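[1] Provided below for reference: sequence and predicted model.
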Amino acid sequence: MTEFIPEGSRFHALSSPFPMKRGGALLGAHVAYETWGTLAADAGNAILIVTGLSPDAHAASSTANPAPGWWEPMLGPGKPIDTDRWFVVCVNSLGSCKGSTGPATLDAASGKPYRLTFPELSIEDVANAAAEVVKALGISQLACLIGNSMGGMTALALLLQHPGIARTHINISGSAQALPFSIAIRSLQREAIRLDPAWNNGEYDENSYPESGMRMARKLGVITYRSALEWDGRFGRVRLDSELTDDGPFGLEFQVESYLEGHARRFVRRFDPNCYLYLGRSMDWFDLAEYADGDVMAGLAKIHVERALAIGANTDILFPVEQQQQIADGLRAGGAETQFIGMDSPQGHDAFLVDYDRFGPAVRDFLQSLQQDLPSPQE
């Protein structure tokens, strides 16, 4: 059981006990976060970023941690999320292993990692933890709340549970409910981990670790993060050089197989398997329809922001672009001025992490349109 905390992380102690939506509570829990830029005197220039399943709070380089962040091209001075203008906060999800309390964290009551004694985790819990960070920083209302992928779910839960916490919202490749295809993929990922004998009902350690299960889970995820169009254009049917092939029966033969294997092996020891299980299941459970008698559009309409932008990739099979269109339509029904953009990006769900030529200008334009209403950070 290992936590992977980036340098420069700051920590917020959550209210104790911190109640969990599906029962139970956490004592002495915390979440990790990082900040960039200068908070205006009236705290009116604040942006919160809530993330996908695996990222930490280190979205971009900083003085405290000069290493490139997972969203480096998007965040920083003069970039689409311009830290010369905005004060930006990125929170690591509750339940993660990147600095926030989760299954890999030591439970103070027992002195041992929580493992499967960690309470059932919901997206709403992740949102409530992030909301505490915002309030602790003295921010009564965010200028904008940005959520990517799972973070798009977290952002909607945050807006619903904390009315007025943000003036505007950017939802990138997110959704208001988990669809059957996405649930099915995550179910297979969990099964791969749980069927690895080394998982041992969550009681593994560094010496006996469910590496095979995590490799398979990660490969399944990566396949859905990109599109068939990109897989074909990037690898085609190119075979590995003879010295790189696996001599065993049914071993690696194609370049795409080698890519998936390498990607998975880099990931498996950098993310805790139990955390992976908890966070994946939290996405399956998320459904705004439960707040509106089974009507997801009515659930979205309960959210009230001034303006919203919903962006997705037309090739996304994990969070299909129709879900971002639904978010825009639902928030519009709640009174927001909304815009929807379906990007013709070949990279699928991961497009927001790689196709900066398309996603960057959309985010920049939206945020620049907000600046005229705000004082500068120095004022």
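    All right, it came through fine. Numbers count the residues shown, from 1 in each chain.

[2] hmm, which helix or strand of this structure has the shakiest average pLDDT?
    Taking mean pLDDT, DSSP states H and E as the measure, the helices and strands of the chain show their lowest mean at helix 228-235, namely a mean of 89.

[3] list the buried residues of it.
    Neighbour-count burial for helix 228-235, counted by 16 or more other CB atoms under 10 Å, picks out Glu230, Trp231. Using the backbone N, CA and C atoms, a C-beta is placed for each residue, glycine as well.

[4] also stretch 237-256?
    Those buried within stretch 237-256 under the rule 16+ other CB under 10 Å are Leu240, Leu252, Gln255, Val256.

[5] what does stretch 41-49 give?
    Buried, per 16+ other CB under 10 Å, within stretch 41-49: Ala43, Gly44, Asn45, Ala46, Ile47, Leu48, Ile49.

[6] relative orientation of the next helix or strand after the least confident helix or strand of the chain and helix 228-235 in degrees?
    Per DSSP states H and E, the first helix or strand lying C-terminal to helix 228-235 is helix 255-268. Helix 255-268 runs at 100 degrees relative to helix 228-235, counting by axes from the mean of the first three to the mean of the last three CA atoms, to 10 degrees.

[7] does Ser62 touch Glu34 like I think?
    Yes: with contact defined as CB atoms under 8 Å, Ser62 counts as touching Glu34 (6.5 Å).

[8] between these two, who's got more neighbours?
    Glu34 (25 against 19; other CB atoms under 10 Å).

[9] need the three-state assignment for the more buried one.
    strand (DSSP: H, G, I helix; E, B strand; the rest coil).

[10] please tell me I have it right and it contacts Glu7.
    No: counting by CB under 8 Å, Glu34 does not reach Glu7; the two are 9.9 Å apart.

[11] just the strands in the stretch 101-250 of the chain please.
    106-107, 112-113, 142-148, 166-172 (DSSP state E, counting those that start in this stretch).

[12] closest one to Ile123 among those?
    Ile123 sits nearest to strand 142-148 of all the strands of the stretch 101-250 of the chain, at 10.4 Å, using CB to CB.

[13] got JSON lines for the strands of the stretch 101-250 of the chain, with distance to Pro273 too?
    JSON lines is the format used below for these (distance: least, CB to CB, whole Å):
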{"stretch": "strand 106-107", "distance to Pro273": "17"}
{"stretch": "strand 112-113", "distance to Pro273": "12"}
{"stretch": "strand 142-148", "distance to Pro273": "23"}
{"stretch": "strand 166-172", "distance to Pro273": "27"}
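
[14] point out the most buried one among the ones you listed.
    Among the strands of the stretch 101-250 of the chain, ranked by average contacts under mean count of other CB atoms under 10 Å, first place goes to strand 142-148 (a mean of 27).

[15] which strands and helices lie in contact with it?
    strand 46-50, helix 150-161, strand 166-172, helix 356-371 (3 or more CB pairs under 8 Å, 6 or more residues apart in numbering; DSSP states H and E).

[16] mind giving me the domain ranges of this protein?
    Domain segmentation of the chain under automatic domain parsing yields 10-178+288-371, 183-278.

[17] now tabulate the ones you listed in JSON lines and tack on distance to Glu3.
    Converted to JSON lines, those look like this (distance: least, CB to CB, whole Å):
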{"stretch": "domain 10-178+288-371", "distance to Glu3": "5"}
{"stretch": "domain 183-278", "distance to Glu3": "7"}
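
[18] most packed of these?
    Among those, domain 10-178+288-371 has the highest mean neighbour count (mean count of other CB under 10 Å), at a mean of 21.
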